[in-house]
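Participant: pasting the sequence and the predicted model now:
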Amino acid sequence: MFKVLVSDPISDLGIQQLMDAPDVLVEKKTGLAEDELAAIIGEYDALLVRSQTRVTEKILAAGTNLKVVGRAGVGVDNIDLEAATQRGIIVINAPDGNTITTCEHTFAMMMALARHIPQAYAKTVGGVWDRKSFLGVELRNKTLGVMGMGRIGSEVAKRAKAFGMNILAFDPFLTQDRAEKMEVKLASVDDIVRNADFMTVHTPLTPETRHMISRPQFEVMKKGMRIINCARGGIIDEVALVEAIDEGIVAGAAFDVFESEPPQLDHPFLSHPKIIVTPHLGASTVEAQENVAIDVSEEVLHILRNEPFKNAVNMPPVAASVMSRLQPYFSIGEKLGSFAAQSANQAVSEIHIDVAGDLSDIDILPLTRYIVKGVLGHHLGSEVNIVNCMHLAKSRDINVVVTKASKSKGFTNLLTVTLKTQNHEETLVAGTLLNGYGERIVQIDKFPVDMAPEGHVILISHNDKPGIIGRVGTLLGENDVNIASMQVGRKIIGGAAIMILTVDKAVQKEVLSQLTTLPELNRAIEITL
Ligand SMILES: NC(=O)c1ccc[n+]([C@@H]2O[C@H](COP(=O)([O-])OP(=O)(O)OC[C@H]3O[C@@H](n4cnc5c(N)ncnc54)[C@H](O)[C@@H]3O)[C@@H](O)[C@H]2O)c1
Ligand SMILES: O=C(O)[C@H](O)COP(=O)(O)O
């Protein structure tokens, strides 16, 4: 008999099939503290959660029988994925079930914000008939900026069009073709910040999206913008937002999520007259809760019964026969993908993977998945894994093409990842496993290089002119950036060149901007591996 623990409020109707299964015993214990959960989790084969239960390393370590953690919802940021993967515990989620519900909540928030509904309600039920203080705005003919055009963002855009809004959309995976199909205008963060009347964010919270809207964005923001966040707290800098409202830059904000949940009672959002809030209710409808609970229950049953399953967020099993030959390449493959994604500066429409040498006679699908995960993971964060990465690429109209070359340019094995954009621009990174030296990147675009793919890398493109190396070194030194290694690559004397610097710690954005002001220097980016 499999024992399943439900530790958050999950729809009974949704988990009915689990409760009805003859080989499953379901127990519900909600509101447990970490220690309490750790004390009992050893008895269970599966754990079902929403976002309240923090599935920490301690809980996973105590879950000696645990085979699967099921998240009835999208975000898995409350689950320690690495600890689960290390212990072979499969983590599954229900990515589709609450899309429409959260999109509708976003709209409810947008309209409540435009028409001051919560504030007007409070006054009216308080006995004050105030028809003067709540002059609203129409949505029609307004510009809506959508940051993140995944499942929810796309649905929001679709509905906003029905309201007569013009849509500016930003997503690192949104190509011109897809934007045209969705009848939205492809924009940058800066375009949205400067031009939108309403802005809504629908990205995951990743190191890249954390505070993506902060003081610098508020400083150039179109005056009177209204901002909605029904995605994750922290995408918009809460302190900077309150300042921007008080300075008259932002007209109002509607937030369903907070940087820390639940927020402290003295959180400035809770008493601000221009900010409306809900307690993370985006997914809270009867329909969505049933949908996500049904999806997750089905998957948990499959996993417990050793049947095929989908939607695993962490590591799936790889056949032992291919594993032994491919496994050494998984790490370099993922790093090449991530390097290429961080280096590309436009939406990717094709991931081209070329293998040569030792790898050319075997089925490299598992390795392909690691590379695609590396490419997508930079923007999609912890949601992407080697199970769902191909599906995620397909749903973003990204082709994955694998070729096998007979020539490995003198290397025993050679893995080349090329990201292609719709404008036929290409970003190429090639790597190899060198006997005795481990992982090496051996080519970046057209330049032969030799570097270990790890830590913080500054990648500079410049013109091969005397003095440039010294100027870069001086500027980094002045900014307390210690250079661990450095190399330059060029094809012809005086022509286009690249400089690759490994540095000891993360580099501040301002330092990268300063680098780009140096003469003969065209681009400077940081790549973290
Ligand atoms: N409030 C709620 O109750 C609730 C409910 C469901 C989902 N969510 C949250 O909503 C968010 C979106 O969910 P989804 O199902 O649409 O996810 P999704 O993965 O389908 O879409 C996320 C999109 O964000 C894009 N993205 C990543 N980095 C970006 C960046 N720097 N700039 C712009 N776009 C970027 C990705 O390319 C992707 O297309 C997630 O954070 C999810 O956890 C909240
Ligand atoms: O990621 C999600 O699915 C949402 O944030 C919903 O979270 P919840 O299940 O706790 O409502």
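Facilitator: Structure received. Numbers count the residues shown, from 1 in each chain. Ligands and ions are numbered 1, 2, ... in the order given.
Participant: list the contacts of residue 166.
Facilitator: Counting by CB atoms under 8 Å, 6 or more residues apart in numbering, residue 166 touches 141-144, 185. The C-beta positions use only the backbone N, C-alpha and C, and glycine is treated the same way.
Participant: do you know how far it is from residue 381?
Facilitator: 29 Å (CB to CB, to the nearest Å).
Participant: could I get the contacts of residue 166 as JSON lines with pLDDT and distance to residue 513?
Facilitator: Formatted as JSON lines, those follow (pLDDT from 0 to 100; distance: CB to CB, whole Å):
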{"residue": "141", "pLDDT": "98", "distance to residue 513": "36"}
{"residue": "142", "pLDDT": "98", "distance to residue 513": "32"}
{"residue": "143", "pLDDT": "98", "distance to residue 513": "28"}
{"residue": "144", "pLDDT": "98", "distance to residue 513": "29"}
{"residue": "185", "pLDDT": "98", "distance to residue 513": "27"}
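Participant: mind checking which of the residues you listed are in helices?
Facilitator: Assigned to helices by DSSP state H, none of the contacts of residue 166 qualify.
Participant: neighbour-wise, which of those leads?
Facilitator: Ranked by neighbour count (other CB atoms under 10 Å), these have residue 144 at the top, with 26 neighbours.
Participant: first vs last residue of stretch 511-529, how far apart are they?
Facilitator: Across stretch 511-529, the terminal residues are separated by 19 Å (CA to CA, to the nearest Å).
Participant: now stretch 181-200
Facilitator: Span of stretch 181-200 from end to end, CA to CA: 20 Å.
Participant: list the buried ones in it?
Facilitator: 182, 184-187, 191-200 (16 or more other CB atoms under 10 Å).
Participant: of all those, which two lie farthest apart?
Facilitator: Pairwise distances across these (CB to CB) peak at 21.7 Å, for the pair 182 and 194.
Participant: roughly how far does residue 31 sit from ligand 1?
Facilitator: The gap separating residue 31 from ligand 1 is 19 Å, by CB to the nearest ligand atom, to the nearest Å.
Participant: picking that back up, strands - which of the contacts of residue 166 land there?
Facilitator: Within the contacts of residue 166, residues falling in strands by DSSP state E are 143-144, 185.
Participant: flag the shaky bits of the stretch 401-529 of the chain, pLDDT-wise.
Facilitator: In the predicted model of the stretch 401-529 of the chain, residues 406 satisfy pLDDT under 70.
Participant: residue 218 reaches residue 250, doesn't it?
Facilitator: Yes: using CB atoms under 8 Å, residue 218 is in contact with residue 250, at 7.0 Å.
Participant: so for the two, which residues contact both of them?
Facilitator: 241, 244.
Participant: ends of stretch 78-88, how far apart?
Facilitator: 18 Å.
Participant: also stretch 392-402?
Facilitator: Using CA to CA, the two ends of stretch 392-402 sit 17 Å apart.
Participant: cool, and stretch 135-155?
Facilitator: Per CA to CA, the first residue of stretch 135-155 is 28 Å away from its last.
Participant: run the chain-centre distance for that stretch.
Facilitator: Mean C-alpha position of stretch 135-155 versus that of the full chain (CA atoms, centre = their mean, to the nearest Å) differs by 20 Å.
Participant: cool, and stretch 80-88?
Facilitator: 19 Å.
Participant: what mean pLDDT does it have?
Facilitator: The average pLDDT within stretch 80-88 is 81.
Participant: residue nearest the middle of this protein, spatially speaking?
Facilitator: Taking CA atoms, centre = their mean, the centroid of the chain lies closest to residue 380, which sits 2.6 Å from it.
Participant: just give me the longest helix of this protein.
Facilitator: helix 320-343.
Participant: what about the residue in the stretch 101-250 of the chain positioned nearest to ligand 1, distance to ligand 2?
Facilitator: Closest contact between the stretch 101-250 of the chain and ligand 1, by CB to the nearest ligand atom, is at residue 150 (1.7 Å). Applying CB to the nearest ligand atom, the value for residue 150 to ligand 2 is 12 Å.
Participant: please verify my assumption that that residue contacts residue 171.
Facilitator: Yes: using CB under 8 Å, residue 150 is in contact with residue 171, at 7.1 Å.
Participant: shared neighbours, those two?
Facilitator: With CB under 8 Å, 6+ apart as the test, residue 150 and residue 171 both reach residue 203.
Participant: picking up where we left off before, turn the ones in strands among the contacts of residue 166 into CSV, columns for distance to ligand 1.
Facilitator: Output for the ones in strands among the contacts of residue 166, formatted as CSV (distance: CB to the nearest ligand atom, whole Å):
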residue, distance to ligand 1
143, 17
144, 15
185, 15
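Participant: from the residues you listed, pick the one nearest residue 292.
Facilitator: residue 144 (26.6 Å).
Participant: enumerate the residues of the protein near ligand 1.
Facilitator: Applying CB under 6 Å from any ligand atom, we find that the chain lies next to ligand 1 at 74-75, 95, 98-99, 102, 147-153, 170-173, 202-204, 208-209, 212, 230-232, 256-257, 280, 282-283, 379-380, 383.
Participant: in helices only, show me these.
Facilitator: Applying DSSP H to those, the entries found in helices are 99, 102, 151-153, 379-380.
Participant: show me what contacts the residue of the stretch 101-250 of the chain found nearest ligand 2?
Facilitator: Nearest residue of the stretch 101-250 of the chain to ligand 2 (CB to the nearest ligand atom) works out as residue 102 at 6.9 Å. By CB under 8 Å, 6+ apart, the contact list for residue 102 reads 152, 230, 282-283, 288.
Participant: what does residue 480 give?
Facilitator: So residue 480 contacts nothing (CB under 8 Å, 6+ apart).
Participant: which SS class is it?
Facilitator: Here residue 480 takes the coil state, with states given by DSSP: H, G, I helix; E, B strand; the rest coil.
Participant: picking up where we left off before, nearest to residue 460 among the ones in helices among the residues of the chain next to ligand 1?
Facilitator: residue 379 (22.6 Å).
Participant: leaving aside the residues adjacent along the chain, what's closest to the closest one?
Facilitator: Nearest residue to residue 379, sequence neighbours excluded (CB to CB, 6 or more residues apart in numbering): residue 172, at 4.4 Å.
Participant: related to what we said a few turns ago, what is the subsequent helix or strand relative to the longest helix of the chain?
Facilitator: Moving toward the C-terminus from helix 320-343, the next helix or strand (DSSP states H and E) is strand 348-357.
Participant: elements contacting that next one?
Facilitator: Counting contacts by 3 or more CB pairs under 8 Å, 6 or more residues apart in numbering; DSSP states H and E, strand 348-357 is packed against helix 365-380, strand 399-405, strand 413-421.
Participant: and of those, who's closest to residue 296?
Facilitator: Per CB to CB, nearest to residue 296 of the helices and strands packed on strand 348-357: helix 365-380, 20.0 Å.
Participant: on that earlier part again, want to throw the helices and strands packed on strand 348-357 into JSON lines with distance to residue 177?
Facilitator: Formatted as JSON lines, those follow (distance: least, CB to CB, whole Å):
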{"stretch": "helix 365-380", "distance to residue 177": "18"}
{"stretch": "strand 399-405", "distance to residue 177": "12"}
{"stretch": "strand 413-421", "distance to residue 177": "11"}
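Participant: out of the ones you listed, deepest packed?
Facilitator: helix 365-380 (a mean of 24; mean count of other CB atoms under 10 Å).
Participant: and the helix or strand following that helix, which residues are buried?
Facilitator: Toward the C-terminal end, the helix or strand that comes next after helix 365-380 (DSSP H and E) is helix 389-395. The neighbour-count check on helix 389-395 (16+ other CB under 10 Å) flags 389-390, 392-393 as buried.
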